[in-house]
Each structure stands twice: as structure tokens, then as C-alpha cells.
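Fold the following.
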Amino acid sequence: MERVARYADMFSAMGTEPRLRIIRLLLKAHPNGMVAGALQSELGIPASTLSHHLQKLKNEGLINIRRKGTYLWYSSNTQALQELLTFLYSECCTRSRAIKPGAIIRLCR
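Numbers count the residues shown, from 1 in each chain. Predicted coordinates for the structure are as follows:
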């Protein structure tokens, strides 16, 4: 049950439009990631608002941060996202077959 709560918190962290957009941008920029200024430019939001969203995503383990010189580089935590997707699809694709695994793979191409 502890894992379910963790995954619920992760989904909650992505439950706003700006945070979901951040995750998508960082996935597009994988594996290099993006600096905050580039994210801010893409999203068109104030730095303080972006900082708040990045902190929430970091707290839930959805993004990684690394320092390179004077810049902070943000990247998606693909391992955490894969765990989250595996959790979400484990029941529907194995037990109930509500969604065929091949259909998910086709969507990702």
C-alpha cells in the first residue's frame, strides 16, 4: 500500500498543466535536460512560479537536477516515470486485458 501512496503523490505532482508540460519538455530533451531559463522561455511563466513547480516535481522524484558550472540542468527521471507507467498498466495489460500492450507501444511511436 505504501507504493500506491507514492504513485498517487507522483500523479498528483503532475496534475497541473505547467508541471505536465515541464515533464513533457524534459522528456523531449532527454538525456541532456534543460536549464531553467530555457524551460521558462518555453512555458512563458515567471521564474518564481517555475521554481515552485520544479521543486514539487523534484520532491516526488520525477525530475533530476545537476549542477554544471553556474547552471542547474533539469532532466526527467525516466526510471521513476517507467515505474509509474508500469504500475498504471500492470493490471490493465496483464489481468484484465483492458488495454492490449501492443496498443500502448504503437502510441509511443
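
which residues in this protein form strands?
Using DSSP state E, the strands of the chain run over 34-35, 63-68, 71-76.

between these, which one is nearest to Ile23?
strand 71-76 (6.2 Å; Cβ to Cβ). In short, each C-beta sits where N, CA and C put it, glycine included.

which residues are contacting the closest one?
22-23, 26-27, 29-36, 39, 54, 62-67 (Cβ atoms under 8 Å, 6 or more residues apart in numbering).

rerun at 7 Å
23, 26-27, 30-31, 33-36, 39, 54, 63-66 (Cβ atoms under 7 Å, 6 or more residues apart in numbering).

Now do that strand: distance to the chain's middle.
13 Å (Cα atoms, centre = their mean, to the nearest Å).

please renumber so the chain begins at 771
Renumbered: residue one is now 771, and that last one reads strand 841-846.

Next, the angle strand 833-838 makes with it.
150 degrees (axes from the mean of the first three to the mean of the last three Cα atoms, to 10 degrees).

Mind listing the strands strand 841-846 pairs with, and their directions?
Here strand 841-846 has these sheet partners by DSSP bridges: strand 804-805 (antiparallel), strand 833-838 (antiparallel).

And the helices in the protein, which stretches?
772-783, 787-798, 806-813, 817-829, 848-860, 871-878 (DSSP state H).

What is the burial count for Tyr844?
22 (other Cβ atoms under 10 Å).

what residue ranges in this protein score low on pLDDT?
771, 861-879 (pLDDT under 70).

Find the centremost residue of it, please.
Ile793 (4.0 Å; Cα atoms, centre = their mean).

Ala783 is in contact with that one, correct?
No. With contact defined as Cβ atoms under 7 Å, Ile793 does not count as touching Ala783 (9.2 Å).

if I look at the two, which residues touch both of them?
Leu832.

related to what we said a few turns ago, nearest to Thr819, out of the strands of the chain?
strand 841-846 (14.7 Å).

now that closest one and helix 806-813, what's the angle there?
50 degrees.
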